[in-house]
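J.: Model the structure of this input:
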Amino acid sequence: AASGRRFDLIFLDPPYTMDISELLLAIPGALAQGGLAVLEQGSGRAPDTPAGLALVKERRYGDTTIFLYGRRGDQP
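T.: Numbers count the residues shown, from 1 in each chain. Presented below is the predicted three-dimensional model:
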């Protein structure tokens, strides 16, 4: 995000025990308009959605939950 580059698709698969709050704060600045960010986390560890992002979809698969985020204000 600091370089000014924007990405259509961002995958995040940090260790389930990691504090990802700072990582999530960088997504709105790095995500292109219409892009998606995919976050994999342990089930039961739903992160707070940072300003500038909107939770598009959430799916649980056993002990894993996948969160799909888009930029707030983008069309689905």
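J.: May I ask you to name the longest strand in this protein?
T.: Identified as the longest strand of the chain according to DSSP state E is strand 31-42.
J.: next one: it to chain centre, how far?
T.: How far strand 31-42 lies from its chain's middle: 4 Å, per Cα atoms, centre = their mean, to the nearest Å.
J.: Okay, now the sheet partners of it, with direction.
T.: strand 7-12 (parallel), strand 64-71 (antiparallel) (DSSP bridges).
J.: Out of these, which gets nearest to Lys57?
T.: strand 64-71 (4.4 Å; Cβ to Cβ). Any C-beta I mention is one placed from the backbone N, CA and C, and that applies to glycine too.
J.: Can you give the contact residues for stretch 64-76?
T.: Contact with stretch 64-76 is made by 27-28, 31, 33-47, 49, 51-60, as judged by Cβ atoms under 8 Å, 6 or more residues apart in numbering.
J.: again, only using 10 Å
T.: Contacting residues not belonging to stretch 64-76 are listed as 6, 10, 12-13, 16, 24, 27-29, 31-47, 49-60 [Cβ atoms under 10 Å, 6 or more residues apart in numbering].
J.: Equivalent analysis for stretch 8-24, please.
T.: With Cβ under 10 Å, 6+ apart as the test, stretch 8-24 has contacts from 26-27, 30-45, 47-50, 52-53, 63-64, 66-67, 69.
J.: Quick check: which ranges of this protein have low pLDDT?
T.: Along the chain, segments meeting pLDDT under 70 span 1-2, 75-76.
J.: show me what contacts the residue most central in space within it?
T.: Nearest to the geometric centre of the chain sits Ala37, at 4.3 Å (Cα atoms, centre = their mean). Residues in contact with Ala37 (Cβ under 10 Å, 6+ apart) are 7, 9-12, 24, 27-28, 30-31, 53, 56, 67-71.
J.: switch to 8 Å and redo it
T.: Ala37 sits next to 9-12, 27, 31, 53, 68-70 when contact means Cβ under 8 Å, 6+ apart.
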